[in-house]
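Student: Structure here, sequence nowhere to be found:
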């Protein structure tokens, strides 16, 4: 029986049992296996991985593991440029455009509030999410580890937090998205782009009090939803400040 020595770094340890976290461990295997299949058999989804070193050399997911290999597996790097080492993907890992699975609807609405391009429908199944991710080069956000293990998905993030507001903070921090935030530029209902519009254009859609007290409006180019700076806007601004606040040390 062959033996490989593996070490996973940083948040990839979230997927491992306590005995294998943050330390090198042995993994026994019998059949010819790719490094991707070995890593996912241990419960770590491949889209979470940025770099794999085997005996000090960068390899791609098709690398065949050999007896005695020493394997180091790294997550997304936020501040260290390792582009010259990466062998896993032909394109950069992160483009802040998302597709969200059907269980994270509140997260999707919050990300849209922040101006991030985020596709979501409550009837999206795993097949639909996978296809959209591949065809539109979108990052999958999910709490379903099995979804991320689909070979067709190359860009994905497993959301650890359960509370939707905590999920937003986690996604922003882990994917380093604070600089990409453009609040109040997307429709929270459908993800369409918001554009300033004349009051006369949307007058027929307004309630009497809204028509009386407000003069500035935005409208979704996709679904026609109208937005204005009412009391809800003040609450939304506070929510955005909370999302972007630096975590306490």
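Tutor: Okay, I see it. Everything numeric here is computed off the predicted structure, so don't read it as measured data. Residues are numbered from 1 along each chain as shown.
Student: From now on I want contacts and neighbour counts done on CA atoms only, so please keep to that.
Tutor: Fine.
Student: any idea how far residue 147 lies from residue 202?
Tutor: Distance, residue 147 to residue 202, using CA to CA, to the nearest Å: 41 Å.
Student: ugh, typo on my part, it should be residue 188
Tutor: Distance, residue 188 to residue 202, by CA to CA: 18 Å.
Student: Give me the more crowded residue out of the two.
Tutor: Higher neighbour count among residue 188 and residue 202: residue 188, with 22 against 16, using other CA atoms under 10 Å.
Student: ok, which stretches of this protein are strands?
Tutor: Secondary structure of the chain (DSSP state E): strands at 2-8, 25-29, 49-54, 57-58, 70-75, 97-100, 117-119, 139-142, 156-158, 194-197, 217-220, 226-228.
Student: Dump these into CSV; add distance to residue 174 as well.
Tutor: Listed next are the strands of the chain as CSV, based on distance: least, CA to CA, whole Å:
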stretch, distance to residue 174
strand 2-8, 17
strand 25-29, 26
strand 49-54, 13
strand 57-58, 23
strand 70-75, 10
strand 97-100, 14
strand 117-119, 17
strand 139-142, 12
strand 156-158, 9
strand 194-197, 27
strand 217-220, 29
strand 226-228, 30
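Student: Can you say which of those strands is nearest to residue 207?
Tutor: When the strands of the chain are compared by CA to CA, strand 226-228 sits nearest residue 207, at 11.2 Å.
Student: average pLDDT across the closest one?
Tutor: The average pLDDT for strand 226-228 rounds to 95.
Student: List the pairing partners of it within its sheet, with orientation.
Tutor: Here strand 226-228 has these sheet partners by DSSP bridges: strand 217-220 (antiparallel).
Student: coming back round to it: among the strands of the chain, which is the most enclosed?
Tutor: Of all the strands of the chain, strand 139-142 carries the top mean neighbour count, a mean of 25, counting by mean count of other CA atoms under 10 Å.
Student: Would you mind giving the domain segments of this structure?
Tutor: Using automatic domain parsing, the domains assigned to the chain come out as 2-75, 97-180, 194-244.
Student: Deepest in the core, which of the ones you listed is it.
Tutor: domain 97-180 (a mean of 19).
Student: Okay, now that one: how far is its last residue from its first?
Tutor: So domain 97-180: terminal residues 10 Å apart, CA to CA.
Student: do the same with stretch 194-204
Tutor: By CA to CA, the extent of stretch 194-204 from end to end equals 18 Å.
Student: before we move on, what about stretch 55-63?
Tutor: Stretch 55-63: ends 12 Å apart by CA to CA.
Student: From the chain's centroid, how far away is the lengthiest helix in the chain?
Tutor: Scanning the chain for the helix with the most residues, using DSSP state H, yields helix 231-244. Relative to its chain's centre, helix 231-244 lies at 22 Å (CA atoms, centre = their mean, to the nearest Å).
Student: Could you name the residue of the chain that is farthest from its center?
Tutor: The C-alpha centroid of the chain is most remote from residue 212, which lies 41.2 Å away (CA atoms, centre = their mean).
Student: how near is that residue to residue 150?
Tutor: Taking CA to CA, one finds residue 212 at 53 Å from residue 150.
Student: show me the contacts for residue 147.
Tutor: Residue 147 makes contacts with 126, 130, as judged by CA atoms under 8 Å, 6 or more residues apart in numbering.
Student: any idea how far it lies from residue 105?
Tutor: Separation of residue 147 from residue 105 (CA to CA) stands at 16 Å.
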